[in-house]
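**Student:** This is a predicted model, with the sequence first.
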Amino acid sequence: MQRKILVVEDNEINRAILWEILTPEYDVLEAENGKEALDILAVDADKISLILLDVMMPVMDGYTFLDHIKNDSRLSLIPVIVMTQSDTEADEIAALSHGATDFVPKPYRIEVILHRVKSIINLRETAAMINELQYDRLTGVYNHEYFYQMVKKRLEEDPDGKYTIVCSNIDNFKLVNDAFGNKAGDELLKEVASISMRSAGDTGFCGRIGADRFLVFQKTEIERKDRASFNPEIDFGASAIFKNITIRWGIYEIKDRTIPVEQMCNRAMLAVNSIKGKYNQFFKVYDESLRDTLIRERMMTQELDRALGDEQFMIYYQPKYSLKDNCIAGAEALVRWNHPEFGLMSPGEFIPLFEKNGYIPKLDIYVWEHVLISMNEWRKNKIDILPISVNVSRADAFHFDIVNVLKELTYKYGVDPQYLHLEITESAYTESSLMIVETVDRLREAGFVVEMDDFGSGYSSLNMLSRMRLDILKLDLEFTQNETSKKEEESILEDIIAMAHKMHLKIMAEGVENESQLQRLKKAGCDYVQGYYLSKPMCEDEYLKLIITAKEA
Ligand code: C2E
Ligand code: CA
Ligand code: CA
């Protein structure tokens, strides 16, 4: 394929000469002035290998034209040879200072022109190729292949140096793209790339791996200093869109140099994956136990279906109490996994995993159905039914039509929806608010009671409250414990409760562990309480015994 050269020259004779010189080897396009040349470039910029430019031209002179293309990122990489009137130093300087790649003096000498044109095109293309091979187009950091190569090289050159690989990940990057568009997504990536470059400093470097992950290779001592002064509030400058973006880091300190570089990077990635979605945890250092956890997690995921079929999951009930009436007001259903090998596992060990890998809906539906089966049996056995709360994961709303599933299940087991309370975790509200608002409305229309779980656990939600119609606000365990330990003047507990009441919401506090917390909540006007001080989660039989004796008393 012949390379294309654009000749910009007003003198017809000169154009003819150049055409004569160049056409045996090149495709020649011609323009009479800068403006015409810009029109051609607007269409064909990608196909043009080089521009030969005259300086003195009507309409738009050569230097004005040069200024134009040097300011346009699509054009600025096309090499330009300026044809000067003479061979003086002043002409040379003028050409080069306007961004020309090279210059040739008039009158033309065939050999000189052909030689310059050829070598400049060559140089440009080699540089472009190397660039393509080494750098990520969007952000300018190394691409992952080249990053691996450079790490390898540095480790060989510096056998005693202590180095660390850091892998970053942006929470819900896909959502940013979906919600704000790919352009905003690109901007965010560029910001994260420049954050990474800053932290790499002069002695390190960065690469991009996958859509939203960056790798930083740096001196261990520098990375440790960064870590010590770490501040999760990243400054994204003026960009308001990015206010709620969380970035997390996984850290692998290179100790074993015998493993391949790719695996070192994997370890950093593993570390960052392990804190995905965790509240208030922004970095994680890789250690061997992480690998064991991963193996165990993979096993649990593979076994989930069988475990559901074998009924390995058990439901415990933790009573809730009404402070007004001084009696049991129902219970929260909490799942346990009775694993044949690992024994009784608490939900903390598997719920976050299933939320992360998208399996949680299966388990939640299982729990809801088994709770309803039990309630149906209680009713048949003439046991007074009190409301039972089940947990609803934020992922559920994205995976299936919660409202219909719950309607069908309650219908199937003859349970009035008002006896099923739904605890939706607070972070769900902040993440995809519009959709959740709508789902909550539909759930309440269908007669279910909706509780906001974990209120006060850190996501800003006061705002959200005014936009949502809910029934009950459930104060997070830590929030309850912290606020009740403060003096009344310093605590916001009383204000939150008063505000909730104004909005016709009931308040439930979880994590009540002693008498003083209980008294404080009572005084503040809290409606319901739950906690080890009153009752721990218990198996179904025990729970039934409790409500039957409570009724007799
Ligand atoms: P959660 O919904 O905030 O549930 C309260 C957790 O606090 C329960 O832990 C409960 O046993 C514990 N707890 C209750 N009172 C006290 C207390 O006085 N002091 C202390 N220190 N802890 C107390 P559990 O059963 O380990 O559940 C942990 C989390 O797992 C739950 O937090 C919930 O988010 C999730 N979970 C449990 N069952 C399910 C389920 O069926 N589906 C889903 N999606 N999540 C579930
Ligand atoms: Ca809950
Ligand atoms: Ca909680």
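**Tutor:** That came through fine. Please read these numbers as outputs of a predicted model, since none were measured by experiment. Ligands and ions are numbered 1, 2, ... in the order given.
**Student:** ok, which residues in the stretch 1-150 of the chain are in contact with ligand 2?
**Tutor:** On the criterion Cβ under 5 Å from the ion, ligand 2 has no neighbours in the stretch 1-150 of the chain. C-beta: built from backbone N, CA, C; applies to glycine.
**Student:** which residues of the stretch 1-150 of the chain fall in helices?
**Tutor:** 12-22, 34-44, 62-70, 89-97, 110-134, 144-157 (DSSP state H, counting those that start in this stretch).
**Student:** among those, which gets the worst mean confidence?
**Tutor:** Among the helices of the stretch 1-150 of the chain, helix 89-97 carries the lowest mean pLDDT, a mean of 82.
**Student:** Tell me the buried residues in that one?
**Tutor:** Asp91, Glu92, Ala94, Ala95 (16 or more other Cβ atoms under 10 Å).
**Student:** ok, for the first one, nearest residue in space, not its chain neighbours?
**Tutor:** Excluding the flanking residues, the one nearest Asp91 by Cβ to Cβ, 6 or more residues apart in numbering is Thr84, at 3.9 Å.
**Student:** Quick one, grab the pLDDT at the one you found.
**Tutor:** For Thr84, the predicted pLDDT is 83.
**Student:** what is it paired to in the beta sheet?
**Tutor:** When bridges are called by DSSP bridges, Thr84 pairs up with Pro105.
**Student:** Tell me, how many residues neighbour the nearest residue to Ser491 once chain neighbours are set aside?
**Tutor:** Leaving aside its sequence neighbours, Ser491 sits nearest to Glu483 (Cβ to Cβ, 6+ apart; 4.7 Å). Per other Cβ atoms under 10 Å, the neighbour tally for Glu483 reads 25.
**Student:** Other residues contacting the one helix or strand Glu483 maps to?
**Tutor:** Element membership of Glu483, judged by DSSP states H and E, is helix 477-485. Residues from elsewhere that reach helix 477-485, judged by Cβ atoms under 8 Å, 6 or more residues apart in numbering: 455-457, 475, 491-493, 509-513, 516-517, 520-521, 531.
**Student:** Contacts only, for the closest residue to Glu145 other than its chain neighbours.
**Tutor:** Nearest residue to Glu145, sequence neighbours excluded (Cβ to Cβ, 6+ apart): Leu133, at 7.7 Å. Counting by Cβ under 8 Å, 6+ apart, Leu133 makes contact with Asn143, Glu145, Tyr146.
**Student:** Looking at the residues you listed, which is nearest Ile360?
**Tutor:** Minimum distance to Ile360 across the contacts of Leu133 is 35.0 Å, recorded for Asn143 (Cβ to Cβ).
**Student:** Isn't that closest one up against Gly207?
**Tutor:** Yes. Contact criterion Cβ atoms under 8 Å: Asn143 and Gly207 qualify, at 6.5 Å.
**Student:** which ones are touching whichever residue of the stretch 401-550 of the chain sits closest to ligand 3?
**Tutor:** The nearest approach of the stretch 401-550 of the chain to ligand 3 comes at Asp454, 4.3 Å away (Cβ to the ion). The contact partners of Asp454, by Cβ under 8 Å, 6+ apart, come to Thr425, Glu426, Ser427, Lys474, Asp476.
**Student:** between those residues, which has the most around it?
**Tutor:** Lys474 leads these on contacts (other Cβ under 10 Å) with 29 neighbours.
**Student:** re the thing from before, quick check: the farthest pair among the contacts of Asp454?
**Tutor:** Ser427 and Lys474 (13.3 Å).
**Student:** Name whatever forms a beta bridge with Asn391.
**Tutor:** With DSSP bridges as the rule, Asn391 is bridged to Glu423.
**Student:** gap between the residue in the stretch 251-400 of the chain that ligand 2 sits nearest to and ligand 3?
**Tutor:** Proximity of the stretch 251-400 of the chain to ligand 2 (Cβ to the ion) peaks at Asn391, 4.7 Å away. With distances taken as Cβ to the ion, to the nearest Å, Asn391 is found 9 Å from ligand 3.
**Student:** burial count for that residue?
**Tutor:** Asn391 - counted by other Cβ under 10 Å - has 21 other residues nearby.
**Student:** How about the contacts made by it?
**Tutor:** Glu332, Ala333, Leu334, Asp364, Val367, Glu423, Thr425, Asp453.
**Student:** Buried residues, the longest strand belonging to the chain. List them.
**Tutor:** The longest strand of the chain (DSSP state E) is strand 327-339. Residues Ile328, Ala329, Gly330, Ala331, Glu332, Ala333, Leu334, Val335, Arg336, Trp337, His339 are the ones in strand 327-339 that count as buried (16+ other Cβ under 10 Å).
**Student:** Throw these into CSV and include distance to Ser346 and pLDDT, thanks.
**Tutor:** Output for those, formatted as CSV (distance: Cβ to Cβ, whole Å; pLDDT from 0 to 100):
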residue, distance to Ser346, pLDDT
Ile328, 23, 96
Ala329, 24, 96
Gly330, 22, 96
Ala331, 17, 98
Glu332, 14, 98
Ala333, 14, 98
Leu334, 9, 98
Val335, 9, 98
Arg336, 7, 97
Trp337, 8, 96
His339, 11, 92
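**Student:** Within reach of ligand 1, which of these are there?
**Tutor:** Leu334, Val335 (Cβ under 6 Å from any ligand atom).
**Student:** which two of the buried residues of strand 327-339 lie the greatest distance from each other?
**Tutor:** The most distant members of the buried residues of strand 327-339, if one measures by Cβ to Cβ, are Ala329 and His339, lying 32.2 Å apart.
**Student:** Asn143 and Gly207: which is more packed in?
**Tutor:** Set Asn143 next to Gly207 and count neighbours by other Cβ under 10 Å: Gly207 wins out with 30 against 17.
**Student:** quick one, what contacts the closest residue in space to Thr101 that isn't next to it in sequence?
**Tutor:** Nearest residue to Thr101, sequence neighbours excluded (Cβ to Cβ, 6+ apart): Pro79, at 4.0 Å. The neighbours of Pro79, taking Cβ under 8 Å, 6+ apart as the test, are Ser49, Leu50, Ile51, Thr101, Asp102, Ile120, Ile121, Leu123, Arg124.
**Student:** sorry, back to before: okay, the helices of the stretch 1-150 of the chain, which one's buried deepest?
**Tutor:** Most buried of these, by mean neighbour count (mean count of other Cβ atoms under 10 Å): helix 62-70, with a mean of 19.
**Student:** what's that helix in contact with?
**Tutor:** 8, 34, 37-38, 41, 51, 53-56, 75-76, 78, 80, 82, 94, 98-100.
**Student:** Asn172 versus the residue of the stretch 401-550 of the chain closest to ligand 3, what's the distance?
**Tutor:** For Asp454, the distance to Asn172 equals 19 Å [Cβ to Cβ, to the nearest Å].
**Student:** And for Asp10?
**Tutor:** Counting by Cβ to Cβ, the gap from Asp10 to Asn172 is 57 Å.
**Student:** Then Val261?
**Tutor:** Taken as Cβ to Cβ, the span from Val261 to Asn172 is 29 Å.
**Student:** neighbour count winner among these two?
**Tutor:** Higher neighbour count among Val261 and Asn172: Val261, with 20 against 17, using other Cβ under 10 Å.
**Student:** Mind pulling the model confidence for that one?
**Tutor:** Looking at Val261, the pLDDT reads 92.
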